[in-house]
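In: can't give you the sequence, but here's the structure:
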């Protein structure tokens, strides 16, 4: 039988055979060096391309993907766009995630394979119903490098986890301040932990389920994904889902090996994102190679989520205190007494139609919780000095609590060589 016919038959039924078929093909060419391997391997995309995913979340088959290679087979060199799309499709096919949430998780998943060259290892924080979060973490276990599902996380666990896994998937539905601080430290590559009489680096990519509602204790360098509760049943598994799940880690590993040097020497410099998320966007975007449209999508998703978060927090008492303090700091004055800030807070509350009033004592307590510590200004009382450090902190708080336009220039995206 002609070998070209034989190899095409083997590839056509690749989803019903084991992966050692490709090993047999390569073994054949080791004993026949005069026959070019690449010419016959080119038959693989055509054999795989005729297969379709069928119906499922986000559309059907190739129309959903919009990329050349519909199913991840044996071919090497999958692009960032293809891998991103495959991960997104697998998530949507098994969960009730919104599309933008699935896309954000896909960005984070790709970054876990290149975390060794990132100065920041972003943390993925998942909130929502427990059963949906469990499904997401189970999917990530299949896609992330050496991932381990952990029931909680303590400082004493870091010594074992340093060698046991490369990606932490943590179940912590009652996220406390201490655990949040510990996970925050794991996002910084150069952060060291003392253990066994030595300094150990335990930084690594981490995803954590933090309960049904947004976590009270924030995690540094994190991206948040919220799953809305629904009574709908999970979608039926589409055709070839399991084969796709099995193939994806191979493509992710190949993508990691191919682009490791690029990520090491180049970094993505995002523009038009809030300062508190710039480091995370920089890390995630640096892992997306030769796909500027994906980087633009990343910036758009982060900005949309940031705007939604500010809208949710803009009605809180803390937001009103920050807005009042920001207004007074822009008046050109150097100090402001707490009673003056309280007066401005009550004016803003009255303008919103609220009858509740805040006393200077309560405003002072809110300022302290926000990190704005008052001090005695005179015998008349305590207040804030609007020096450079205090004004900078007020502006950072305003970026989180006050709904204002963030920096423009989302189209000014570029790379910078290190």
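Out: That came through fine. Model, not experiment: these values are computed from the prediction.
In: Shouldn't residue 214 be within a strand?
Out: No. Assigned with DSSP: H, G, I helix; E, B strand; the rest coil, residue 214 falls outside any strand and is coil.
In: Where do the strands of the protein begin and end?
Out: 123-127, 147-151, 167-171, 192-195, 198-201, 205-209, 222-226, 266-269, 335-337, 375-378, 381-385, 414-417 (DSSP state E).
In: Go through these and find the least confident stretch.
Out: Across the strands of the chain, strand 414-417 has the smallest mean pLDDT, namely a mean of 43.
In: rewinding a little: and the strands of the chain, which is most packed in?
Out: strand 205-209 (a mean of 27; mean count of other CB atoms under 10 Å). Just so you know, the C-beta spots here come from the backbone N, C-alpha and C atoms, and that holds for glycine as well.
In: what's that strand packed up against?
Out: helix 99-112, strand 123-127, helix 130-143, strand 167-171, helix 177-186 (3 or more CB pairs under 8 Å, 6 or more residues apart in numbering; DSSP states H and E).
In: Among those, which comes closest to residue 234?
Out: helix 130-143 (7.5 Å; CB to CB).
In: What are the buried residues along that closest one?
Out: Buried residues in helix 130-143, counting neighbours by 16 or more other CB atoms under 10 Å, are found at 132, 133, 135, 136, 137, 139, 140, 143.
In: Among these, which one lies nearest to residue 382?
Out: Nearest to residue 382 among the buried residues of helix 130-143, with distances taken as CB to CB, is residue 133, at 43.9 Å.
In: Run through the residues that contact that closest one.
Out: Residue 133 is in contact with 126, 127, 209, 227, counting by CB atoms under 8 Å, 6 or more residues apart in numbering.
In: Redo those as JSON lines? Include distance to residue 148.
Out: Shown next, in JSON lines, are those (distance: CB to CB, whole Å):
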{"residue": "126", "distance to residue 148": "16"}
{"residue": "127", "distance to residue 148": "21"}
{"residue": "209", "distance to residue 148": "14"}
{"residue": "227", "distance to residue 148": "22"}
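In: closest to residue 294 among those?
Out: residue 126 (21.7 Å).
In: Return the set of residues that bridge with the closest one.
Out: Here residue 126 sits in beta bridges with residue 209, residue 225, going by DSSP bridges.
In: That one contacts residue 225, correct?
Out: Yes. Counting by CB atoms under 8 Å, residue 126 does reach residue 225; the two are 5.3 Å apart.
In: Now do the shared contacts for those two.
Out: residue 136.
In: any chance of the helices and strands packed on strand 205-209 in CSV, with distance to residue 346 too?
Out: Formatted as CSV, the helices and strands packed on strand 205-209 follow (distance: least, CB to CB, whole Å):
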stretch, distance to residue 346
helix 99-112, 38
strand 123-127, 33
helix 130-143, 41
strand 167-171, 42
helix 177-186, 31
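In: what's the closest of those to residue 377?
Out: Among the helices and strands packed on strand 205-209, helix 177-186 sits nearest to residue 377 (CB to CB), with 31.5 Å.
In: What are the buried residues along the closest one?
Out: Buried residues in helix 177-186 (16+ other CB under 10 Å): 179, 180, 182, 183, 184, 185, 186.
In: Got phi/psi on the nearest residue in space to the fifth one that is not next to it in sequence?
Out: Here the nearest residue to residue 184 in space, its sequence neighbours aside, is residue 220; by CB to CB, 6 or more residues apart in numbering that works out to 3.8 Å. Backbone dihedrals for residue 220, given as degrees, to the nearest 10, come out at phi -70, psi 150.
In: per-residue pLDDT, residue 220?
Out: In this model, residue 220 carries a pLDDT of 89.
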